[in-house]
Each structure stands twice: as structure tokens, then as C-alpha cells.
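Asks: This is the structure alone, sequence omitted:
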């Protein structure tokens, strides 16, 4: 699977927020979207620095990072 070969183009990221509510600027948020054409793969980026780019994950990688799925 070539995660970084998939074009994100004009896809609409969903905003997910939570935790760190005591920060000066409020909650910490990320933007996430399914990568078009690559089943089970997602792209994740920082909501406050979206121009930096996105980190991409396959479904198995995301499940491994989420302790609630174990």
C-alpha cells in the first residue's frame, strides 16, 4: 500500500477535538480524512498548522495506536 502516493487534493477533513483543555488556546484538535482510493487508510494533520502536511496511516496502524481496540 502506497500511503503517500494517494492524492488528497480537495478532500474535506473532519475536525476532532479533545483533551488539553487547560491550554491557553483551548482544546487540541486534529483533522482526519479517509485517503481516496486506499481502503482503510487515513490522513491526519494538525488543525492549527494544516499547511505542514498530513501523516498517513493504514487501518492496522491506527488500531495499534488506539488502546481501546485491544
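Replies: Great, that's in hand. As the structure is a prediction and not an experimental result, all values here were calculated from the model. Residues are numbered from 1 along each chain as shown.

Asks: Next up, the contacts around residue 4.
Replies: By C-beta atoms under 8 Å, 6 or more residues apart in numbering, residue 4 lies in contact with residue 56. Backbone N, C-alpha and C define where each C-beta goes, glycine included.

Asks: That one should be in a helix, yeah?
Replies: Yes - under DSSP: H, G, I helix; E, B strand; the rest coil, residue 4 sits within a helix.

Asks: measure the residue nearest to residue 37 when sequence neighbours are not counted to residue 34 for me?
Replies: Of all residues not flanking residue 37 in the chain, residue 6 sits nearest, at 5.7 Å (C-beta to C-beta, 6 or more residues apart in numbering). According to C-beta to C-beta, to the nearest Å, residue 6 and residue 34 sit 10 Å apart.

Asks: Can you check which residues contact both of these two?
Replies: With C-beta under 8 Å, 6+ apart, residue 6 and residue 34 have common neighbours residue 41.

Asks: From the centroid of this structure, which residue is nearest?
Replies: Taking C-alpha atoms, centre = their mean, the centroid of the chain lies closest to residue 44, which sits 1.8 Å from it.

Asks: sorry, back to before: what's the burial count for the residue nearest to residue 37?
Replies: 17 (other C-beta atoms under 10 Å).

Asks: Helices of the chain, start to end?
Replies: 59-65 (DSSP state H).

Asks: shaky segments in it?
Replies: Residues of the chain that meet the criterion pLDDT under 70 lie in 1, 19-27, 66-70.

Asks: What residues sit buried inside stretch 56-66?
Replies: Neighbour counts using 16 or more other C-beta atoms under 10 Å place 56-58 of stretch 56-66 among the buried residues.

Asks: quick one, what contacts residue 40?
Replies: Applying C-beta under 8 Å, 6+ apart, the residues contacting residue 40 are 58-60.

Asks: And it, how close does it get to residue 59?
Replies: Counting by C-beta to C-beta, the separation of residue 40 from residue 59 is 3 Å.

Asks: go on, residue 15?
Replies: Taking C-beta to C-beta, one finds residue 15 at 21 Å from residue 59.

Asks: try residue 36
Replies: Counting by C-beta to C-beta - residue 36 and residue 59 are separated by 15 Å.
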